[in-house]
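# below is the structure, and that's it, no one-letter string:
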């Protein structure tokens, strides 16, 4: 049940505390301070799954009123990987539509409302989290591989996890 310490391996996003905890076999191994969805775009609740890590993602602005307030982007127009206009940063982790765990947040946005229904991390946090998630999901993500993705920041790559990792929101 929610609000209990997990006995398995999973990610627990505690939106009111602006915190994301990583459990491995019921043991807390990592905690991250996060940004969460604005009150009008809250992070959904429930159990989701992380099945892949996407490096250098593209972003397609959704048909939402907040997009119209942005400069230099249009609804439905693909924003390329590596573009300064791409708010996702260099890594995104889909956890069931419409939510993601992604980087690209400034440290000042952690502990605040900072997204439109997503879990936001700084880029260094997201790189660290991606390595931890890969290990939980039965995959290996090395520093050398991360450096390679960073060098080729306009090339989108996907790493599928061997095992889906539960994400409790």
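The structure has been received and is ready for your questions. This is a predicted model, so every value here is computed, not measured.

# could you use CA atoms for every contact and neighbour count after this?
Fine.

# burial of residue 131, as a residue count?
18 (other CA atoms under 10 Å).

# that one belongs to a strand?
No. With DSSP: H, G, I helix; E, B strand; the rest coil as the criterion, residue 131 is assigned helix and is not in a strand.

# nearest spatial neighbour of it, chain-adjacent residues omitted?
residue 141 (5.4 Å; CA to CA, 6 or more residues apart in numbering).

# pretty sure residue 159 sits against residue 54.
Yes. Counting by CA atoms under 8 Å, residue 54 is a contact partner of residue 159 at 6.3 Å.

# comparing those two, which residue is more hemmed in?
A direct count of neighbours by other CA under 10 Å for residue 159 and residue 54 places residue 54 higher, at 18 against 15.

# contacts only, for the more buried one.
By CA atoms under 8 Å, 6 or more residues apart in numbering, residue 54 lies in contact with 91-93, 156-159.

# filter those down to the buried ones.
91-93, 156 (16 or more other CA atoms under 10 Å).

# nearest residue to the middle of the protein?
For the chain, the residue nearest the mean C-alpha position is residue 101 (1.4 Å; CA atoms, centre = their mean).

# for the strand or helix carrying that residue, packing partners?
Assigned by DSSP states H and E, residue 101 belongs to strand 100-102. If you count contacts as 3 or more CA pairs under 8 Å, 6 or more residues apart in numbering; DSSP states H and E, strand 100-102 packs onto strand 91-94, strand 119-120.

# contacts for the last one next, please.
The set of residues that contact strand 119-120 without belonging to it, under CA under 8 Å, 6+ apart, is 34-37, 43, 99-105, 110, 114.

# can you give me the strands in the protein?
10-14, 19-24, 27-33, 36-37, 47-55, 91-94, 100-102, 113-115, 119-120, 157-168 (DSSP state E).

# got the angle between the first one and strand 19-24?
Between strand 10-14 and strand 19-24, the angle formed by their directions is 160 degrees, by axes from the mean of the first three to the mean of the last three CA atoms, to 10 degrees.

# which of the residues in stretch 77-87 are buried?
79-83, 86-87.

# and stretch 117-134, by the same measure?
Neighbour-count burial for stretch 117-134 [16+ other CA under 10 Å]: 117-123, 125-134.

# include distance to residue 148 and pLDDT when you put the contacts of strand 119-120 into a markdown table, please.
Formatted as a markdown table, these follow (distance: CA to CA, whole Å; pLDDT from 0 to 100):
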| residue | distance to residue 148 | pLDDT |
| --- | --- | --- |
| 34 | 26 | 98 |
| 35 | 27 | 96 |
| 36 | 29 | 96 |
| 37 | 31 | 90 |
| 43 | 31 | 90 |
| 99 | 26 | 91 |
| 100 | 23 | 95 |
| 101 | 21 | 97 |
| 102 | 19 | 96 |
| 103 | 17 | 93 |
| 104 | 18 | 91 |
| 105 | 21 | 94 |
| 110 | 27 | 97 |
| 114 | 28 | 91 |
